[in-house]
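Engineer: starting from these lines, generate the structure:
(one chain, ligands or ions: 1)
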Amino acid sequence: MTGHKHFADLSQASLEETSIFDSKYFPNPWTKAKWNQVSNGELGPCMLGLVYKDKRLVGLILFGIADPDTGHLYKILVSPDEQGSGLSQELLLRSESHLQHGKYISVYLEVEQSNLRALAFYQKHGYQVLVKKKGFYGAGRDGLALEHILPKLV
Ligand SMILES: CC(C)(COP(=O)(O)OP(=O)(O)OC[C@H]1O[C@@H](n2cnc3c(N)ncnc32)[C@H](O)[C@@H]1OP(=O)(O)O)[C@@H](O)C(=O)NCCC(=O)NCCS
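Structural biologist: Below is the predicted model:
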């Protein structure tokens with residue numbers, strides 16, 4: 001993955017930058033405290049990919065582990081000027097390939113039902129709705145749980 005990093009290697013500076021990027025553009029950004037939790041391992045093992053363009057952070061993808069053979073896609077975020085460029089697809093496919101080689105068989109995620117662009121993106125990449133989660137993002141804001149069964153490596 002371009003600029004791929006594990007949290008173990010994440011410096012305080014890039015953690016700060018990641019958190020600012022998230023709060024600027026993500027629909028439901030995490031608090032700094034939550035990012036610190038991920039960074040110090042309280043959320044379990046995580047895999048973070050960061051993409052820089054001209055030294056500017058333009059993309060991130062973050063996975064945790066849902067169960068021993070399922071990756072949990074916590075976040076994918078590409079800066080507005082890079083959306084529609086194919087960068088999101090590259091981030092997702094490279095991460096999925098990494099998971100496949102690590103013997104994971106599926107990816108799980110939650111997305112707000114009203115986030116039509118993200119939903120279209122996931123469905124285009126083989127993700128299917130498992131269940132609706134009423135009020136998952138707050139009152140009147142429903143979520144959808146999605147799953148993608150990763151193709152078997154030949
Ligand atoms: C979700 C995200 C990573 C997708 O990346 P992207 O570069 O925008 O993805 P794409 O350009 O492939 O767009 C996905 C699809 O949505 C379609 N789309 C674009 N705008 C749309 C809109 N307003 N409503 C519905 N669909 C839309 C696109 O046409 C495309 O489908 P197509 O390839 O068949 O034409 C990116 O939009 C993003 O970072 N969003 C903000 C963070 C976020 O919401 N992350 C997901 C939270 S779970």
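Engineer: list the buried residues in the helix or strand where L50 lies.
Structural biologist: Element membership of L50 [criterion: DSSP states H and E] is strand 47-53. Neighbour-count burial for strand 47-53, with 16 or more other CB atoms under 10 Å as criterion, is recorded at M47, L48, G49, L50, V51. In this view, the C-beta of every residue, glycine as well, is placed from N, C-alpha and C.
Engineer: and those residues as a markdown table, adding distance to the ligand?
Structural biologist: Below are these laid out as a markdown table (distance: CB to the nearest ligand atom, whole Å):
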| residue | distance to the ligand |
| --- | --- |
| M47 | 16 |
| L48 | 15 |
| G49 | 12 |
| L50 | 14 |
| V51 | 12 |
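Engineer: state which strand of the chain is the longest.
Structural biologist: In the chain, taking DSSP state E as the definition, the longest strand is strand 56-67.
Engineer: flag the shaky bits of this structure, pLDDT-wise.
Structural biologist: Low-confidence segments of the chain (pLDDT under 70): 1-10.
Engineer: which residues of it fall in strands?
Structural biologist: 4-6, 47-53, 56-67, 70-78, 106-112, 128-133, 143-149.
Engineer: what about the residue lying closest to N36 once chain neighbours are set aside, distance to K152?
Structural biologist: Distances taken as CB to CB, 6 or more residues apart in numbering put L15 closest to N36, at 7.5 Å, once the chain neighbours are dropped. Here the criterion is CB to CB, to the nearest Å. By it, L15 lies 35 Å from K152.
Engineer: now G138
Structural biologist: From G138 to K152 the distance is 38 Å (CB to CB).
Engineer: who's more crowded, those two?
Structural biologist: Between G138 and K152, G138 has the larger neighbour count (other CB atoms under 10 Å), namely 10 against 7.
Engineer: how about the more buried one, phi and psi?
Structural biologist: Here is the backbone geometry of G138 (degrees, to the nearest 10): phi 120, psi 180.
Engineer: for M47, see how far away it is.
Structural biologist: Distance of G138 to M47, given as CB to CB: 28 Å.
Engineer: then F121?
Structural biologist: On the measure of CB to CB, F121 and M47 end up 19 Å apart.
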